[in-house]
Structures are given as C-alpha cells and as structure tokens.
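1. Structure, please.
(one chain, ligands or ions: 1)
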Amino acid sequence: MSTTLQRIAAVIESRKPANGGDPAQSYVARLFSKGDDAILKKIGEEATETVMAAKDARVDGDTSKVLYECADLWFHTLILLAQFDLTPQQVLDELARREGLSGLEEKANRKLIEREKNGD
Ligand SMILES: N=c1c2ncn([C@@H]3O[C@H](COP(=O)(O)OP(=O)(O)OP(=O)(O)O)[C@@H](O)[C@H]3O)c2ncn1[C@@H]1O[C@H](COP(=O)(O)O)[C@@H](O)[C@H]1O
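-> Numbering: from 1, shown residues only. The predicted structure is shown next:
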C-alpha cells in the first residue's frame, strides 16, 4: 500500500475514542465523536466541492483546486473506512481484483446474472 495512505490510516485509527482520541485536540477524533451522519455529511460536501472544482477548472484552467478537493475527499473516505473497521488496503485489493476487467464487460455480466436471477 502507498505508505502515505498507510501512515494517515494509522493516525486516523489512533483518533478513535477507544484509542484515546480527544475531540478537543483532533479534527478526526471530533468527527468520530459525532458519528456516522457527520462523517457522511462531510463526504457529501467534499464530493460536491470536487465536482464544483472540476467545473471551475474547465472555466478558469485552475486544476490545483481539483487536486485539493480530491485530497479532502480521499481523506474523509479514509475516516469512513475506519469508522467501519475497513482499511485502504482492502479498497486497493478490490481495485486490483478488477484490474484488466473492462467496466463494460463487468456490467454486461452483472446484467446477465440479474436476468437469470429474475428468471427472464
Ligand atoms: N489530511 C488531513 C486533512 N485534510 C483535510 N482536513 C480537515 O478537514 C476539514 C475539511 O473541511 P472543510 O474544507 O469543509 O473546512 P471546514 O470549514 O474547516 O470544515 P467543517 O467546519 O465543516 O469541519 C478541515 O478542517 C481540514 O483541516 C484534514 N485534517 C487532518 N488531516 C490528516 O489527519 C491527521 C490527523 O488530524 P487531527 O485528527 O486533526 O490531528 C493530520 O495530521 C493530517 O495528516
């Protein structure tokens, strides 16, 4: 795994209430203390800000905001993963599993399985 992701995931883990994370001292601990809805709200906000940054970049050519917002989005998804005791390595494993499988092929296979399940 990328060592940066690994390091950040370890810090996030250390901010959980069970590991002594202090909401007064830590942004991540504060989000954990607020629970699922606060984390999901941040992800919704960061996803929207990413979309807006990309739209703006097409107008003003400033792609730095796209990077900045993607970093915010990735960071908050790392918190979501930790909230469910999942790890970034598991996401990377899932991406690796999909490597080489065309998205169109995957979708066609999925539709076929759904049709068989429904007896169509
Ligand atoms: N990578 C980040 C990181 N990226 C973004 N953020 C915070 O995420 C928030 C993003 O929210 P917004 O952009 O909407 O800004 P805001 O208006 O301050 O947000 P809210 O008031 O809605 O919370 C900001 O407060 C940022 O500071 C981060 N906070 C922490 N980290 C990493 O997490 C580690 C642990 O952080 P603490 O738990 O705070 O010690 C840090 O050392 C960093 O490595």
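2. use CA for all of it now, contacts and neighbours both
-> Fine.
3. Show me what the biggest helix by length in the chain packs onto, helices and strands only.
-> Determined from DSSP state H, the single longest helix within the chain is helix 36-60. With contacts taken as 3 or more CA pairs under 8 Å, 6 or more residues apart in numbering; DSSP states H and E, helix 36-60 sits against helix 27-34, helix 64-83.
4. and the angle for the last one with helix 27-34?
-> Calculated by axes from the mean of the first three to the mean of the last three CA atoms, to 10 degrees, helix 64-83 forms an angle of 50 degrees with helix 27-34.
5. what does the model give Ile12 for pLDDT?
-> Here the pLDDT value assigned to Ile12 is 98.
6. What is the neighbour count of it?
-> Other residues near Ile12 number 22, with proximity taken as other CA atoms under 10 Å.
7. Would you mind pulling up the elements that the helix or strand containing it packs against?
-> Using DSSP states H and E, Ile12 maps to helix 3-14. Contacts defined by 3+ CA pairs under 8 Å, 6+ apart place helix 3-14 against helix 64-83, helix 88-98.
8. Out of these, flag the one nearest the ligand.
-> helix 64-83 (5.0 Å; CA to the nearest ligand atom).
9. Pull out the buried residues from the closest one.
-> 65-66, 69-70, 72-73, 75-83 (16 or more other CA atoms under 10 Å).
10. filter these down to the ones near the ligand?
-> Contacts with the ligand within the buried residues of helix 64-83, as defined by CA under 6 Å from any ligand atom: 72, 75.
11. So for the chain, which residue is the most central one in space?
-> The centre of the chain sits closest to Thr77, judged by CA atoms, centre = their mean, with a distance of 2.9 Å.
12. who touches the closest residue to that residue other than its chain neighbours in this structure?
-> Sequence neighbours aside, Ile43 is the residue nearest to Thr77 in space, at 6.8 Å (criterion: CA to CA, 6 or more residues apart in numbering). By CA atoms under 8 Å, 6 or more residues apart in numbering, the contact set of Ile43 is 73, 76-77.
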